[in-house]
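Trainee: return a 3D structure for these sequence lines:
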Amino acid sequence: MGKTFVASLLAATLLTAIGCGDSNMWTEPDLRAGSGGSGGGGAGSGGTDPSMCGGAGPSTTALDAEEQSFLLLLNDHRVANGESPVAACTSLSRAAQGHSEDMRDQNYFDHRGLNGSSPGDRACDACYASCEVTGWGENIAAGNSGAEGTFNQWVNSPGHNANMLNAGFAVVGIGRATGGGTYGTYWTTVFGGQSDGSCD
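Mentor: This is a model prediction of the structure:
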């Protein structure tokens with residue numbers, strides 16, 4: 001299976017240590033107000049030009065077969081645990097894929113981007129129109145190229161599993177980058193509390 005990396009922190013610890021380098025889960029369950037993001041997409045609605053958005057480009061934003069498999073595993077898991085399925089969201093996938101590609105290309109593993117960006121910043125920059133008014137969460141993992149291996153990493157970690165089962169999340173972005181960095185494959189999921197026009 002090669003190198004795999006998944007770190008666990010209790011959600012309470014994570015919330016007091018936001019951006020901690022050994023974390024692979026980030027959650028912001030409360031409603032956000034004000035300017036939580038760095039700008040790029042706060043005013044978007046479905047009419048935002050994707051070329052003006054941050055994150056991954058259109059050639060890698062669409063879900064590939066493994067990412068689609070992950071979405072099925074995630075939603076089966078949610079339904080089996082009494083939660084509603086989440087829908088794929090294009091803008092959050094743009095953010096997730098962009099972060100996975102950046103971790104691969106810059107050879108690091110962290111929620112905080114090397115440019116200082118947080119998951120919320122990247123969601124806003126990727127034109128997720130609801131980024132400043134809803135809760136969000138992020139899981140990252142590295143080392144497994146397939147959906148099932150990555151799903152198992154997260155389902156067996158209480159904090160990451162809590163993100164996957166969070167009843168407050170309605171949409172998800174999924175990004176998988178392969179072929180580089182220390183771990184070879186990097187995964188990011190970004191969850192959002194509501195769908196909007198940027199998810200289409």
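Trainee: please count neighbours and contacts with C-alpha atoms only from this point.
Mentor: Noted.
Trainee: and residue 91, backbone torsions?
Mentor: Torsion angles at residue 91 (phi, psi; degrees, to the nearest 10) stand at phi -70, psi -40.
Trainee: worst-scoring helix or strand of this protein, pLDDT-wise?
Mentor: Lowest by mean pLDDT, DSSP states H and E among the helices and strands of the chain is helix 11-16, with a mean of 25.
Trainee: low-confidence bits of the protein, can you list those?
Mentor: Applying pLDDT under 70 to the chain picks out residues 1-48.
Trainee: repeat the analysis, applying 90 as the threshold.
Mentor: By pLDDT under 90, the weakly predicted segments of the chain are 1-52, 58-59, 131-136.
Trainee: tell me where it has helices.
Mentor: For the chain, the helices defined by DSSP state H cover 11-16, 58-61, 65-80, 90-106, 119-125, 147-155, 158-165.
Trainee: residue 171 is nearest to which of those helices?
Mentor: For residue 171, the closest of the helices of the chain is helix 90-106, at 8.2 Å, according to Cα to Cα.
Trainee: what comes up buried for that closest one?
Mentor: Judged by neighbour count (16 or more other Cα atoms under 10 Å), helix 90-106 contains these buried residues: 90-104.
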